[in-house]
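Chemist: Sharing a model prediction with you, sequence too.
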2 protein chains.
Amino acid sequence: MRQTYLRSTDVESAKSRWLDAFKNYELATERIAVVDSVGRVTAEPVVACMSSPHYAASAMDGYAVRSHVTVGAAPGYPLYLQVGIECFPVDTGDPLPNGTDAVIMIEHVVLAGNTIGIEQAIAPWQHVRPVGEDIVATEMLLSRYHEIGPVDVGAMLAASVAEILVIKRPHIIIMPTGDELVAPGIELRAGNIIEFNSHIFRNFLREWGCDVTVTLPVRDDESRLLQQVQESIEQCDMLLVLAGSSTGRGDFTEEVLRASGELLVHGVAMRPGKPVMLARVQGKPVVGLPGYPVSAHLCLELFVRPLVYKLRHIAEPKPKTLKGYLTRRLISPMGLQEYVRVMVGQVGAKYVVTPLSRGAGVVTSLVKADGVVVVPATSEGFAEGDQVVVTLQRDSANIEGRMVCIGSHDLALDVLADHARLKEGVRLSSTHVGSMGGILALKRGECHFAGIHLLDSRDGMYNVSFVERYFPGKQMVLVNLVGRVQGLITTKGSAGSITSWHDLTNHRFVNRQHGAGTRLLLDYHLAQNGIEASQIAGYSREETTHLAVACAVHAGEADVGLGILPAARAFDLNFVPLALEQFDLLFHKEDLVDPCMTALLDIIRSASFKDEVAALGGYDTFKSGQIVWES
Amino acid sequence: MRQTYLRSTDVESAKSRWLDAFKNYELATERIAVVDSVGRVTAEPVVACMSSPHYAASAMDGYAVRSHVTVGAAPGYPLYLQVGIECFPVDTGDPLPNGTDAVIMIEHVVLAGNTIGIEQAIAPWQHVRPVGEDIVATEMLLSRYHEIGPVDVGAMLAASVAEILVIKRPHIIIMPTGDELVAPGIELRAGNIIEFNSHIFRNFLREWGCDVTVTLPVRDDESRLLQQVQESIEQCDMLLVLAGSSTGRGDFTEEVLRASGELLVHGVAMRPGKPVMLARVQGKPVVGLPGYPVSAHLCLELFVRPLVYKLRHIAEPKPKTLKGYLTRRLISPMGLQEYVRVMVGQVGAKYVVTPLSRGAGVVTSLVKADGVVVVPATSEGFAEGDQVVVTLQRDSANIEGRMVCIGSHDLALDVLADHARLKEGVRLSSTHVGSMGGILALKRGECHFAGIHLLDSRDGMYNVSFVERYFPGKQMVLVNLVGRVQGLITTKGSAGSITSWHDLTNHRFVNRQHGAGTRLLLDYHLAQNGIEASQIAGYSREETTHLAVACAVHAGEADVGLGILPAARAFDLNFVPLALEQFDLLFHKEDLVDPCMTALLDIIRSASFKDEVAALGGYDTFKSGQIVWES
């Protein structure tokens, strides 16, 4: 019998049940050399073995004296002291010669033969670092449970502390499970999945101060898994079992954890990450992480990280947050606490927040994410324009000063972003929502510019009429990025049979999303040719980029799509050129003088940008960087 | 001739001259395995080698079907499909069986023998992850100059990228100089200084992504230093010469840098760190860092870190800042930009900011610092109570929720702080400014409680009359921390000759600072015995802790001081008990119910705390934790 439903616990209850279960669980301690102790945590107070300075030292370059011999010196009434008898040259850090108790700064003496002249008396202990000025032997340098940083190492060495007792680094075993897993680099067959999750998690765990061992993938065999879990738990402080946490045929993790210990939580009312399992086996923590990288990553952050920090007895770092405005509606089911990865842009004085793909398997959404927005279980989500709090996962230095382009996708934008990295202080991030999406985003002040290629079906002209309609009375500029050839992308096999718009009616098509310029182009030509959308199989299957369209054709999921030449080339597909279109960047005229915008326009006009774009094929860079229209 | 003055440049000019000089200086690149690439920076865009998923995969556990066979199923009108013929069981991640194009979730079927019943039709591609849903082959995964994190490694492996071109880690050589330097662990003589600076700096540089080599200390010999600099610069990307940057006798660094390259900046209008040298030798950056750890640390942050990040082509992380109120005046000279290390406490809703020792040699001020306050060159400083901006050097999780005690110093407070670390969420930081300083700080709302032992010379009673005078009409509480014995701390040699207050008149004394309870105790007994302060040599030499007083006696800088038994024991000194005093904690009555305060009081009342304090010697814990007075 398959168990088809999981009882789920809310996030906070799950977390506190989990942490409470290990309230008295302690890591071992070990004695290590201070020079190797950065990042470790003290297991007892560290006490100075020696004072620093350990002798009375000159705090300045100058002359050491018995202070009482300087009495009487005054401006205009110089006193002369014999070098080597009444005063002694010292450098900063030198021990005070016997009997001396003060240092006259080199700047305050006049050298005259074998004597120095001074015009000021000096008090005892002036410019002297007494013994223990910095550290007094037996004083507590560091408290217990202190995470050791570079300066702490310096202080301990200065106090002649050579070895200290620290908490052992938590040893965590990661155990991937599943017949479908293969190591990176192995030839793939359908159904194989590259085992990359453990590489993500071991690197996070190392950043959090753990030692990590990754086992070979365990096959889907309940007795093998049970044996592996029982053997591994003895060798580590915490065990992470990857995948096998849903209710599919090969998922034995739940049974294994029940058989070998106590399942504290199975199923948390969150998305992604719902099927997570939290268990205690032989008194040690075991987590069953879902197989999808985004789900597992969230469970790692919500359950594993706090426990690691608790075991290390240090505070979990507090991430930065910022408040920003949603660029689109964010719907979320009641009853699940949802964690949505977002990109953040700074446009003017405000931050704009764009939700990324919420697929639990979309590892690129982790790569692109600047942060996370939490939608509580009691909320159905947020409306477009709502203010939300973003928990940042990237340093804000990477967000501020980044130009945000929203609109249509083109490979030339990737080239532009890459060239921008070569200029200091200029960065570009692009979000692909189609040309109309770009126009609306610019109108709402969510981006610096929009990439658009919108064909007006009345006059066959690009972009201008749309800008006039959506920005009446505004001062706008259109700068050409590239001219590009659009055409039919087909398999090599169907090269001869699909050559015109009419051939779309008897093949499986893959379309672009609503608002995409490429879709407008299709609709324009279908109308011109008297073809109805309903005549085309697959008209409703939507992809959001040219590459995704080409990929679908390459995978045999469709016979033909409309797109650009480089996308066809990328998959070694056939390409039937049918139209040349104009891809422009739209922005407010006042931004023409913005230094970042100026830098981007300089790049677009450069020979190296044009050459690199031309090499992609199917591009016309003749007008690249030209202002093609302004209001 | 000694050069006694340095021309100094302002901080911003020095920084831009330095960074400009290496505008075109680039690190080499290398090809490395993706699995080892965390923390590295891409030197070119990273492009996907394979799509992910690379086959059409089930996105759910359930049954794969040809979607068109489900047409007609509706609530109340179930349709039955034969397993193995019309539908096929699949788990999440399984490839779709040939011909199928959609997956029905397990939750939406009813198993009936060898068939499944469904009450809902399904659209094509539902619950299917099409090829390239996450990553499309040839798409740009990471831009150039991207710092690789754990999730990026996952995405690259998922896209079958095995090796990438990255920027080499900057190789930095640290070269300590000076005859006085000895390695940690070597027996010390007067004038020897433990070479700990390189250990601080190599650890910072590693955190910033560098490879570091530390040379043996170079002796003070100009030709040797010249040779070493010229040999080292060929083997590294940047050279840091430690010490030798002031103008003392053994400081040849300036001459050596002038002889072997170009000295860009010598002397910056800042404190500490004024004598820093910034140079270019064989086209490579060389920094002459001052010998004092606090100075050198600041120069490292201001000049080395930005150049390291620039060479790595990534943004320097932006530290968190907070606004707080100064607990004391902060005077700073005009013309120098001063960087003052501070401790931060959260009392009620506001942050209180306490400047730490500004000695350039005080490495413990780096250890204690929560952050830094900058006093611009154009300012003479800030008044007590002024709002200042603190740049944090410690995660704010370590500041929030920390109890702040300001007042007199006692070892029992260290024991209390250490025991507090054993309780979750309770931390204690103590600042030692004497009993009166503690009362004034509590009055200004800068701390949660004050540690005081103030003797009223009129009635010989402790603390109460002071609280009544400074907190009229307020609801205050005094809780006893310990009773403690005060006495004369002398060398073993003078054990017989110093036994009473009168013996202070013919020995060298070391005193405590104004406002210290121990000083009040001294003055009370001097008055009782008819002794004048002017009769005591060293009455004006002030130390701020018991340990520092004992240390001065131990070092032979004084014959006798007044203090507590554990301080005498720490240095194996003689102790003449003369008084038993009452050390109390003073706080507002409303804080009696604060959970952190409750936790601290529980500790003070615990047997383990009392036992540990009693073991120090010279303590009476009979009343520890008792409320001895309340208003």
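Modeler: That came through fine.
Chemist: Need the distance between the two termini of stretch A:323-336.
Modeler: Stretch A:323-336 has an end-to-end distance of 23 Å (CA to CA, to the nearest Å).
Chemist: average model confidence for it?
Modeler: Per-residue pLDDT values over stretch A:323-336 give a mean of 92.
Chemist: The nearest residue to residue A:365 once chain neighbours are set aside - how many residues pack around it?
Modeler: The shortest distance from residue A:365 to any non-neighbouring residue, by CB to CB, 6 or more residues apart in numbering or on different chains, is to residue A:356 (4.3 Å). Quick note: C-beta positions are derived from backbone N, CA and C, even for glycine. Per other CB atoms under 10 Å in any protein chain shown, the neighbour tally for residue A:356 reads 20.
Chemist: Would you mind measuring from residue A:356 to residue B:482?
Modeler: 58 Å (CB to CB, to the nearest Å).
Chemist: Same check on residue A:95?
Modeler: Residue A:95 is 38 Å from residue B:482, by CB to CB.
Chemist: Compare neighbour counts for those two and give me the winner.
Modeler: Using other CB under 10 Å as the criterion, residue A:95 and residue B:482 rank with residue B:482 on top: 30 against 19.
Chemist: pLDDT of the one helix or strand that one maps to, averaged?
Modeler: Using DSSP states H and E, the element containing residue B:482 is strand B:476-490. Average pLDDT, strand B:476-490: 95.
Chemist: what's the answer for stretch A:112-129, then?
Modeler: Rounded mean pLDDT across stretch A:112-129 is 89.
Chemist: Would it count as contacting chain B?
Modeler: Yes - Stretch A:112-129 comes into contact with chain B (CB under 8 Å from any CB of the partner chain), by way of A:124, A:125, A:129.
Chemist: Which positions in that stretch come out as buried?
Modeler: A:115, A:116, A:118, A:121, A:122, A:125, A:126, A:127, A:128, A:129 (16 or more other CB atoms under 10 Å in any protein chain shown).
Chemist: Please identify the pairing partners of the strand holding residue B:482 and their relative orientation?
Modeler: strand B:560-564 (antiparallel), strand B:574-588 (antiparallel), strand B:619-620 (antiparallel), strand B:627-630 (antiparallel) (DSSP bridges).
Chemist: got the CA coordinates for the helix or strand following it in PDB?
Modeler: Next in sequence after strand B:476-490, counting helices and strands by DSSP H and E, comes strand B:509-512. These are the backbone C-alpha positions of strand B:509-512, laid out as PDB (Å, rounded to 0.1, in the frame of the first residue of the first chain):
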ATOM      1  CA  PHE B 509      52.200  52.900  45.300                       C
ATOM      2  CA  VAL B 510      50.100  52.200  42.300                       C
ATOM      3  CA  ASN B 511      46.500  53.500  42.500                       C
ATOM      4  CA  ARG B 512      43.100  52.900  40.900                       C
END
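Chemist: List the buried residues in strand B:509-512.
Modeler: B:509, B:510, B:511, B:512.
Chemist: Just put the buried residues of stretch A:112-129 in a markdown table and tack on secondary structure.
Modeler: Written out in a markdown table, the entries for the buried residues of stretch A:112-129 read as follows (DSSP: H, G, I helix; E, B strand; the rest coil):
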| residue | secondary structure |
| --- | --- |
| A:115 | strand |
| A:116 | strand |
| A:118 | strand |
| A:121 | coil |
| A:122 | coil |
| A:125 | coil |
| A:126 | coil |
| A:127 | coil |
| A:128 | strand |
| A:129 | strand |
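Chemist: which stretches of the stretch 201-350 of chain A form strands?
Modeler: Ranges of strands within the stretch 201-350 of chain A are A:211-214, A:238-242, A:262-266, A:270-271, A:277-281, A:284-289, A:321-326, A:330-331, A:337-347, A:350-355, based on DSSP state E, counting those that start in this stretch.
Chemist: what's the residue nearest to residue A:365 sitting at in phi/psi?
Modeler: Here is the backbone geometry of residue A:356 (degrees, to the nearest 10): phi -100, psi 170.
Chemist: confidence score at it?
Modeler: 89.
Chemist: go on, residue A:5?
Modeler: Residue A:5 is given a pLDDT of 40.
Chemist: ok so, going back, could I get the contacting residues of the residue nearest to residue A:365?
Modeler: A:340, A:341, A:342, A:343, A:362, A:365, A:368, A:369 (CB atoms under 8 Å, 6 or more residues apart in numbering or on different chains).
Chemist: go on, residue A:456?
Modeler: A:462, A:464, A:465, A:466.
Chemist: again, only using 7 Å
Modeler: Going by CB atoms under 7 Å, 6 or more residues apart in numbering or on different chains, residue A:456 touches residue A:465.
Chemist: do you know how far it is from residue A:312?
Modeler: 62 Å.
Chemist: Any regions of chain A where pLDDT drops low?
Modeler: Chain A contains residues with pLDDT under 70 at A:1-7, A:244-250.
Chemist: From the centroid of chain A, which residue is nearest?
Modeler: For chain A, the residue nearest the mean C-alpha position is residue A:394 (4.2 Å; CA atoms, centre = their mean).
Chemist: Once you drop chain neighbours, what's closest to it?
Modeler: Residue A:394 sits nearest to residue A:370 (CB to CB, 6+ apart), 5.0 Å away.
Chemist: count of neighbours near the one you found?
Modeler: 26.
Chemist: With the one 4 residues further on instead?
Modeler: Per other CB under 10 Å, the neighbour tally for residue A:374 reads 17.
Chemist: for residue A:425, same thing?
Modeler: Residues near residue A:425, counting by other CB under 10 Å: 11.
Chemist: which parts of the stretch 151-300 of chain A sit against chain B?
Modeler: Contact residues (CB under 7 Å from any CB of the partner chain) of the stretch 151-300 of chain A with chain B: A:151-155, A:157-158, A:162, A:180, A:184-185, A:188, A:190-191, A:193-194, A:196-197, A:199-200, A:203-204, A:246-250, A:291, A:293, A:297.
Chemist: can you do 8 Å?
Modeler: So the stretch 151-300 of chain A meets chain B at A:151-155, A:157-158, A:160, A:162, A:178, A:180, A:184-185, A:188, A:190-191, A:193-194, A:196-197, A:199-201, A:203-204, A:206-207, A:246-251, A:291-293, A:297 (CB under 8 Å from any CB).
Chemist: Of those residues, keep whichever come out buried.
Modeler: A:151-155, A:157-158, A:160, A:178, A:180, A:184, A:193-194, A:196-197, A:199-201, A:203-204, A:206, A:246-248, A:250-251, A:291-293, A:297.
Chemist: mind listing which of those residues are in helices?
Modeler: Per DSSP state H, helices hold the following members of those: A:151-155, A:157-158, A:197, A:199-201, A:203-204, A:206, A:293, A:297.
Chemist: Help me confirm that residue A:243 comes into contact with residue A:179.
Modeler: No - if you go by CB atoms under 8 Å, residue A:243 and residue A:179 don't touch, sitting 10.5 Å apart.
Chemist: How far away from the center of its chain is stretch A:56-76?
Modeler: Here the centre of stretch A:56-76 is set off from its chain's centre by 58 Å, with CA atoms, centre = their mean, to the nearest Å.
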